[in-house]
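[1] sequence-free structure coming up:
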């Protein structure tokens with residue numbers, strides 16, 4: 001970014017990293033919220049340009065992760081349930097594309113579900129404002145088990161499947177399931193066995209999966225291990241359970257972010273790091289939208305692969321007869337795909 005004629009492309013001189021740090025350290029919580037509005041506005045424009053679900057189904061995965069930091073002078077950093085020093089952001093991502101729909105940085109000691117109801121309210125309002133007109137399914141793990149959240153999602157007619165912890169009432173409900181009510185999953189590996197069944201818990205539909213392994217390592221867990229989640233969906237148990245297991249895809253989205261800008265939180269100020277978190281998600285989304293709109297027929301690639309193929313390439317600018325020319329590497333394998341994607345993106349009408 002600081003070599004050649006990069007300033008000619010950006011339209012302004014290239015700033016030093018320390019200048020960016022000084023800029024971010026001036027941010028207040030209100031400025032971070034304004035930057036969050038930029039993420040929301042960019043989402044709406046990208047979806048209107050063809051990246052959105054439209055009238056189709058929108059599956060959202062909500063999760064939290066630990067952004068590890070080093071040093072004791074990081075404001076807001078603390079030790080959480082992972083025993084690692086860092087922050088504990090909330091994240092909502094779109095299951096099929098990996099784009100970040102909403103993010104909120106929190107102190108490292110924050111409980112997993114702290115602020116999740118307000119977060120979900122802002123999230124649903126944002127995607128509907130951006131153009132999501134079809135069914136919305138929200139998935140989360142047991143850290144977000146919250147009766148008030150369930151009630152609000154039902155009032156908004158949002159489908160959900162959220163894990164529940166194996167507390168005493170849940171265990172009692174599972175133990176009451178008849179043995180002949182369990183159905184064996186045919187697609188489970190031969191090294192083990194998995195069965196599913198359903199019951200109710202405080203009027204909530206409760207779907208339970210139990211697993212055990214046959215390998216030598218399985219002797220550590222000779223009995224069944226249970227995993228349960230609550231849902232308001234009415235489809236078949238096999239479909240609902242399989243789609244809930246797909247919630248694990250959110251870990252890939254988090255990994256993509258940590259492989260990029262969120263590999264670290266560079267500032268000692270909490271608001272600066274919160275702004276950095278939103279900027280990182282915006283940069284992540286720009287790459288995702290470029291792939292969705294510019295390369296619609298290609299399979300989804302990991303963020304690292306997309307950056308290596310299409311963004312991290314050497315090039316130089318030359319000026320001849322008052323015309324700027326961008327020279328790219330010869331025998332570049334993805335030249336045609338890059339040119340096709342650029343043509344599609346350039347054809348998007350400008351927004352007022």
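    Ah, there it is. Source: prediction; values computed, not measured.

[2] the helices in the stretch 201-350 of the chain, which residues?
    Taking DSSP state H, counting those that start in this stretch, the helices of the stretch 201-350 of the chain run over residues 237-245, 250-258, 270-294, 303-306, 335-346.

[3] And these: which comes nearest residue 43?
    Residue 43 sits nearest to helix 270-294 of all those, at 7.1 Å, using C-beta to C-beta. For the C-beta atoms, the positions are set from N, CA and C on the backbone; glycine is no exception.

[4] what's the closest residue to residue 249 other than its chain neighbours sitting at in phi/psi?
    Distance criterion C-beta to C-beta, 6 or more residues apart in numbering; nearest residue to residue 249, sequence neighbours excluded, is residue 95 at 5.7 Å. The phi/psi pair for residue 95 (degrees, to the nearest 10) reads phi -60, psi -40.

[5] How about the one 4 residues further on?
    The phi/psi pair for residue 99 (degrees, to the nearest 10) reads phi -70, psi 150.

[6] who's in contact with the nearest residue to it once chain neighbours are set aside?
    Of all residues not flanking residue 99 in the chain, residue 288 sits nearest, at 4.4 Å (C-beta to C-beta, 6+ apart). Neighbouring residues of residue 288 by C-beta atoms under 8 Å, 6 or more residues apart in numbering: 51, 97-99, 303.

[7] Tabulate these (CSV), appending distance to residue 89, neighbour count and pLDDT.
    Listed next are these as CSV, based on distance: C-beta to C-beta, whole Å; neighbours: other C-beta atoms under 10 Å; pLDDT from 0 to 100:
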residue, distance to residue 89, neighbour count, pLDDT
51, 23, 23, 93
97, 20, 18, 92
98, 16, 25, 93
99, 16, 22, 95
303, 17, 22, 84
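
[8] Where does pLDDT dip in this protein?
    1-5, 216-222, 352 (pLDDT under 70).

[9] Give me the neighbour count for residue 15.
    When neighbours are defined as other C-beta atoms under 10 Å, residue 15 has 14 of them.

[10] Mind telling me what element it is part of?
    Assigned by DSSP states H and E, residue 15 belongs to no helix or strand.

[11] One more: residue 30?
    Using DSSP H and E, residue 30 sits in helix 29-46.

[12] Go ahead and confirm the residue nearest to residue 249 touches residue 248.
    No: using C-beta atoms under 8 Å, residue 95 is not in contact with residue 248; the gap is 10.3 Å.

[13] which of these two has more neighbours?
    Higher neighbour count among residue 95 and residue 248: residue 95, with 18 against 12, using other C-beta under 10 Å.

[14] From residue 297, how far out is that one?
    20 Å (C-beta to C-beta, to the nearest Å).
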